[in-house]
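# curious how this folds, go ahead:
(2 chains)
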Amino acid sequence: AQKITQTQPGMFVQEKEAVTLDCTYDTSDQSYGLFWYKQPSSGEMIFLIYQGSYDEQNATEGRYSLNFQKARKSANLVISASQLGDSAMYFCAMREGRFGQNFVFGPGTRLSVLP
Amino acid sequence: DSGVTQTPKHLITATGQRVTLRCSPRSGDLSVYWYQQSLDQGLQFLIQYYNGEERAKGNILERFSAQQFPDLHSELNLSSLELGDSALYFCASSEGHSLEQYFGPGTRLTVT
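Have a look, this model is predicted:
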């Protein structure tokens, strides 16, 4: 079974609008962490945001926020006021395991921001 | 710039050969992770080291091995290379083994 599911292979958004990238996860651990990474065409992986399973509030980092719904096992990334530079692949990832040693990535969503 | 460095940036080699990829973690980070990113398999976790010791193993082939040295830099050794080993190899580091990881720029390996 897939540990991380990203159902949107590709997404388009108009510049300055908000967009939500979906992520659902599967784990039986009580303690885990959820991450989003951005990979532009240049190839580097850029850490965006982190949500711990015990965090009661949704994580926010500037224009990025994580919509964490624990009961649904979803951790959607919301990007507000999209910019052309946001065009990239976005990966949802989960850390689980007793020491957080299991790190699993989803297949990614390619976001294209239109001018 | 994440602070994680990887060398070389690009590597082209022939099938059957052996290569070594090098990674220097961010200052102060004790954990190093290796990942393989290919078009068909996506991003796959290979192996993790923490302060010189192997901590976790993912989908790492027996032809591949890694180590972390006392100065905390790490090397990933790939031997008996096959065409299917062509991929982008990322190293990442974290302060402990439970925090977010910061990725290096990657080494693009092409096996011909």
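# what about the spatially most central residue of chain B, distance to chain A?
Within chain B, one residue has its C-alpha closest to the average C-alpha position: by CA atoms, centre = their mean, that is B:Trp34, at 3.3 Å. When distance is defined by CB to the nearest CB, to the nearest Å, B:Trp34 is 11 Å away from chain A. C-beta: built from backbone N, CA, C; applies to glycine.
# so which bits of chain B are right by chain A?
B:2, B:33, B:42-45, B:48, B:55-56, B:58, B:88, B:90, B:92, B:97-103, B:105-106, B:108 (CB under 8 Å from any CB of the partner chain).
# I'd say the residue nearest to the centre of chain B and B:Asn77 touch.
No: between B:Trp34 and B:Asn77 there is no contact under CB atoms under 8 Å: 10.6 Å.
# quick revisit: on the pLDDT front, check the residue nearest to the centre of chain B for me.
Per-residue confidence (pLDDT) for B:Trp34: 95.
# and the residue lying farthest from the centre of chain B, what is it in contact with?
Largest separation from the mean C-alpha position in chain B: B:Thr112, at 20.2 Å (CA atoms, centre = their mean). Contacts for B:Thr112 (CB atoms under 8 Å, 6 or more residues apart in numbering or on different chains) come out as B:Ile12, B:Thr13, B:Ala14, B:Thr15, B:Leu83.
# scan chain A for its longest strand.
Ranked by number of residues, the top strand in chain A under DSSP state E is strand A:88-96.
# and the next helix or strand past that strand?
Downstream of strand A:88-96, the next assigned helix or strand under DSSP states H and E is strand A:102-105.
# just how off-centre is that next one within its chain?
Strand A:102-105 sits 13 Å away from the centroid of its parent chain (CA atoms, centre = their mean, to the nearest Å).
# give me every residue that touches A:Glu61.
A:Leu48, A:Ile49.
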